[in-house]
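Novice: quick one: sequence and predicted model below, then my questions.
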Amino acid sequence: MERLIEGFKRFRGNYFEANRGRFERLAGRPQHPRYAIVTCCDSRIDTTRVFDAIPGEVFLIRNIANLVPPYEPDQRHHSTSAAIEYAVRFLKVGQLVVMGHAGCGGIRALLDPPKEPSDFVNLWLEMAAPARDHARSRTDVSTEERQRCCELETLKLSLNNLLAFPWLKERIEDGSLQVDALYLDLARGELLLYHLPTGTFAAV
Ligand SMILES: [Zn+2]
């Protein structure tokens, strides 16, 4: 814990002090983020830093491999779907993004499942099985390229699942919400934007 507490003290002494007014204003009213981003839990993906965002600007939804589940309003616990619903129907964000990344450990585990059994992880990743099957069918590419292919296919799958949420579709149709997919490659310092009509990713 010491490292975290030391870090907090530095935050309070520096960033917090320099932005005290902003934090007081933010805390004194309900949040009103402009963006919601579904991204991976991966500790290397520091989403707010990547977008140079300030506190209050991004509603962040994180899970392993940035997956959006299918729309299934049943009696089970749906953390990601609940967060998406909250962002879209209640916070009314104007932009929703699903962001994948290169070298995703979740995607690696999807392509090459670990031997140890898991209570939740394997079942969670299984959601992206069609993306895995597509990537595995690419026998002409290197392991690295297959991984990237699976990461990009998973993003498309998540985006498709997202577009089937009925209240989200309504907001896209009335022009109040924009939905996009991004892919972050930290090693290359590159961000790719998905172009839905052509089904391709291109650097921003
Ligand atoms: Zn990841």
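Specialist: That came through fine. Numbers count the residues shown, from 1 in each chain.
Novice: so what touches the helix ranked longest in the chain?
Specialist: Criterion DSSP state H: the longest helix present in the chain is helix 143-163. Here helix 143-163 makes contact (Cβ atoms under 8 Å, 6 or more residues apart in numbering) with 38, 65-71, 84, 96, 98, 100-104, 107-108, 110-111, 128, 130-132, 134-136, 138, 141, 168-169, 172, 179, 181, 183, 194, 196, 199, 201. In short, each C-beta sits where N, CA and C put it, glycine included.
Novice: that one: which residues count as buried?
Specialist: 146-159, 161-162 (16 or more other Cβ atoms under 10 Å).
Novice: ok, and which of the residues you listed reach the ion?
Specialist: Among those, no residue lies close to the ion (Cβ under 5 Å from the ion).
Novice: closest to the ion out of the residues you listed?
Specialist: Nearest to the ion among the buried residues of helix 143-163, counting by Cβ to the ion, is Glu151 at 8.2 Å.
Novice: against Ala102, how distant is that closest one?
Specialist: Glu151 sits 7 Å away from Ala102, taking Cβ to Cβ, to the nearest Å as the criterion.
Novice: anything in contact with each of the two?
Specialist: Shared contacts of Glu151 and Ala102 (Cβ under 8 Å, 6+ apart): Tyr183.
Novice: who in this protein is up against the ion?
Specialist: Neighbours of the ion within the chain, by Cβ under 5 Å from the ion: Cys40, Asp42, Cys104, Gly106.
Novice: cutoff 8 Å now
Specialist: Applying Cβ under 8 Å from the ion, we find that the chain lies next to the ion at 40-42, 45, 64-66, 100-101, 103-107.
Novice: I'd like these as JSON lines, with secondary structure and pLDDT appended.
Specialist: Output for those, formatted as JSON lines (DSSP: H, G, I helix; E, B strand; the rest coil; pLDDT from 0 to 100):
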{"residue": "Cys40", "secondary structure": "strand", "pLDDT": "98"}
{"residue": "Cys41", "secondary structure": "coil", "pLDDT": "97"}
{"residue": "Asp42", "secondary structure": "coil", "pLDDT": "96"}
{"residue": "Ile45", "secondary structure": "coil", "pLDDT": "94"}
{"residue": "Ile64", "secondary structure": "coil", "pLDDT": "97"}
{"residue": "Ala65", "secondary structure": "coil", "pLDDT": "97"}
{"residue": "Asn66", "secondary structure": "coil", "pLDDT": "98"}
{"residue": "Gly100", "secondary structure": "strand", "pLDDT": "97"}
{"residue": "His101", "secondary structure": "strand", "pLDDT": "98"}
{"residue": "Gly103", "secondary structure": "coil", "pLDDT": "96"}
{"residue": "Cys104", "secondary structure": "coil", "pLDDT": "97"}
{"residue": "Gly105", "secondary structure": "helix", "pLDDT": "96"}
{"residue": "Gly106", "secondary structure": "helix", "pLDDT": "97"}
{"residue": "Ile107", "secondary structure": "helix", "pLDDT": "97"}
